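Q: model this:
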Amino acid sequence: MSQDQHYAPLSPFQTGSRGRCPRCGQGKMFDGYIKLQPRCRACGLDYSFSDAGDGPAVLVILVAGFVILGAALYVEFTFEPPIWVHILLWGPLSIIVCLGLLRWMKGLLVALQYTNKAAEGRLEDKP
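A: The predicted structure is shown next:
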């Protein structure tokens, strides 16, 4: 019997977006801003299964880039401000949006990896 069977299935979107353990929903997933803890302090889930890699960063860059570029183009064509307005607006806003989404996206991807039992591909030995 797997230890996971003692826990009711939780939504990876709720646990991941809140930075909580994907198994119990109680313990904190992060030690710092985006560094994962070695294990959940509430249920003992080992987070070594997680390999989010560059996935969260790539998704954040794509989403934030689309939104911020769209807003910058709208402001440019609607108001035609000088270049310094664009620099003051979009530089800091890009950093804020990317950092704001990064933790949320990493938590979500780790929770989805746990829920879907995602792992590295392995070749099967055929008899």
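
Q: Poorly predicted segments of the protein, please.
A: Within the chain, the ranges that satisfy pLDDT under 70 run 1-5, 127.

Q: Helices of that one, start to end?
A: Using DSSP state H, the helices found in the chain span residues 12-18, 55-79, 83-115.

Q: Give me the distance between A111 and G19.
A: Noted for A111: a distance of 9 Å to G19, by Cβ to Cβ, to the nearest Å. Every residue, glycine included, has its C-beta placed from N, CA and C.

Q: rewinding a little: which one of the helices of the chain lies nearest to D46?
A: With Cβ to Cβ as the measure, helix 83-115 is the member of the helices of the chain nearest D46 (10.7 Å).

Q: for that closest one, packing partners?
A: The helices and strands touching helix 83-115, judged by 3 or more Cβ pairs under 8 Å, 6 or more residues apart in numbering; DSSP states H and E, are helix 12-18, helix 55-79.

Q: Kindly calculate the angle that the last one makes with helix 83-115.
A: For helix 55-79 against helix 83-115, the angle between stretch directions is 150 degrees (axes from the mean of the first three to the mean of the last three Cα atoms, to 10 degrees).

Q: Can you list the neighbours in contact with helix 55-79?
A: Residues outside helix 55-79 that contact it (Cβ atoms under 8 Å, 6 or more residues apart in numbering): 34, 81, 85-86, 89-90, 93-94, 97-98, 101-102, 105-106, 108-109.
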